[in-house]
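In: no FASTA, just this:
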Ligand code: CUA
């Protein structure tokens, strides 16, 4: 065995080859047979990859299924790089494989043969290889530079048509602000006054229109990523980053923090909902309104005293394929509408009182109702969102109860648990939780 491995090393170093009396083995047909074999292998491998690709290339966070010009350009650049490197891989790999097989030691004499006369190489081959390397770099560099310029900011010609939003990273959720819109709230006397428009974890944007997104963070570095719309850009402390996206048509997209930012980084998600012009305007108008108030009829009593919620395992997935199926956008639309038949006005009113009594107002704002806190997500219209807890849980009564009941089991280390429940020693009974769930769900 040592003799054989030594032979292999020698053949790699100087390729002494079999008896050099004949050049038969170096003729072209042999080489083409090898190349054909390698080609068939590569094609089979690519086929398997493409076949498996059919299953996961169009997942909710797939960059292979772009839904806007920025992501499409970036995918195009990826393919250019991929094809160039694939050609280089096949050329280099097949040459190496050819040399290894062709010039391997076949007999004991080969293993002890003197190395052939050493040459300094072939100038023509060397210069051509340098030329080819430069050419392949240029082929990659041209679209790379073009894409860097294109994805940097909204194209000059489209700037007047661009919509502006601000996204801010928090441990571990995203806040979205609409700096050019004015929302309504109520002052203590009940008078309508202006307020800022902000949402949490769900960014609603106009479709078919460029959107300039300012990127900020209040704590550590996060990275803002909507795989189907654009590549990642970091949210840096003390630095104003931005990116732009455009959704071709209305849709429901997944977003994700893509920079390690603490223990719950992996569950720091968000959604992007792109709407046509009229629907986007309707949504804006609905969001600008103060919180929805469900009136309590005179003499009404709570319909049920105890709600039974199922218990969740730690780390149990918080979503189904409801927002991942054929039309997540339609599910989002359904979520905008209140369902008075399923509401219990007495329970909602109780939840409303508890929201203040249990100090939730310190961190959350519910415009026109309670709270001025900005440390946690804006909850004015939380019932109309499809997700809660930083895009991690589906927004339904069960999951909302799970989140309020044991936030630390859903998102370890989160501030609602550490700085809220623990510091303020918040204790919630099953009835309290039910009332809070009813109240928050009513905020459409
Ligand atoms: Cu924020 Cu990772």
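Out: Good, I have the coordinates. This structure is a prediction, so every number in the text was calculated from the model and none was measured. Residues are numbered from 1 along each chain as shown.
In: what about residue 73, how many neighbours?
Out: Around residue 73 sit 18 other residues, with neighbours defined as other Cβ atoms under 10 Å. Any C-beta I mention is one placed from the backbone N, CA and C, and that applies to glycine too.
In: do the same with residue 110
Out: 17.
In: Direction included, what does the longest strand along the chain pair up with?
Out: Using DSSP state E, we find that the single longest strand of the chain is strand 173-186. Sheet pairing of strand 173-186 (DSSP bridges) gives strand 163-170 (antiparallel), strand 192-200 (antiparallel).
In: Could you identify the helix or strand that succeeds the last one?
Out: In the C-terminal direction, the helix or strand that comes right after strand 192-200 (DSSP states H and E) is strand 202-206.
In: Find out how far the helix or strand following that next one is from the centre of the chain, if you would.
Out: Next along the chain after strand 202-206, taking DSSP H and E as the criterion, comes strand 211-217. Here strand 211-217 shows a centroid-to-chain-centroid distance of 15 Å under the convention Cα atoms, centre = their mean, to the nearest Å.
In: what pairs with whatever helix or strand comes next after strand 211-217, and is each one parallel or antiparallel?
Out: With elements assigned by DSSP H and E, the helix or strand that comes after strand 211-217 is strand 222-226. Strand 222-226 has its sheet partners listed here by DSSP bridges as strand 230-235 (antiparallel), strand 251-257 (antiparallel).
In: Excluding chain neighbours, give the residue nearest to residue 352 in space.
Out: Spatial nearest neighbour of residue 352, chain neighbours left out: residue 439 (5.1 Å); criterion: Cβ to Cβ, 6 or more residues apart in numbering.
In: Show me which residues of the stretch 51-200 of the chain sit near the ligand.
Out: When proximity is defined by Cβ under 6 Å from any ligand atom, the stretch 51-200 of the chain lies next to the ligand at 169, 172.
In: can you give me how far the longest strand of the chain is from the chain middle?
Out: Taking Cα atoms, centre = their mean, one finds strand 173-186 lying 23 Å from the centre of the chain it belongs to.
In: and it with strand 202-206, angle?
Out: If you take axes from the mean of the first three to the mean of the last three Cα atoms, to 10 degrees, strand 173-186 sits at 70 degrees to strand 202-206.
In: Just the local confidence number for residue 75, please.
Out: Here the pLDDT value assigned to residue 75 is 95.
In: re the thing from before, quick check, the residue nearest to residue 352 in contact with residue 348.
Out: Yes: using Cβ atoms under 8 Å, residue 439 is in contact with residue 348, at 5.0 Å.
In: Let me see the residues that make contact with the longest strand of the chain.
Out: Residues from elsewhere that reach strand 173-186 (Cβ atoms under 8 Å, 6 or more residues apart in numbering): 163-168, 192-203, 224, 255, 257, 268, 270, 284, 287-290, 367-369, 377-378, 380, 389-391.
In: Buried ones among those residues?
Out: Buried members of these, counted by 16 or more other Cβ atoms under 10 Å: 163-168, 195, 197-203, 224, 255, 257, 268, 270, 284, 287-288, 290, 367-369, 377-378, 380, 389-391.
In: ok, back up a step: looking at the strands paired with strand 222-226, which is buried most?
Out: Mean neighbour count (mean count of other Cβ atoms under 10 Å) peaks for strand 251-257 among the strands paired with strand 222-226, with a mean of 22.
In: Mind checking the pLDDT average for the longest strand of the chain?
Out: For strand 173-186, the mean pLDDT works out to 94.
In: just to revisit the earlier point, hang on, the residue nearest to residue 352 is in a helix, isn't it?
Out: Yes: counting by DSSP: H, G, I helix; E, B strand; the rest coil, residue 439 falls inside a helix.
In: Distance of it relative to residue 346?
Out: For residue 439, the distance to residue 346 (Cβ to Cβ, to the nearest Å) stands at 11 Å.
In: out of those two, which sits in the busier spot?
Out: A direct count of neighbours by other Cβ under 10 Å for residue 439 and residue 346 places residue 439 higher, at 28 against 18.
In: longest helix of this protein?
Out: If you go by DSSP state H, the chain has its longest helix at helix 69-102.
In: Okay, buried residues for it please.
Out: Residues 69-75, 77, 80, 94, 98, 102 are the ones in helix 69-102 that count as buried (16+ other Cβ under 10 Å).
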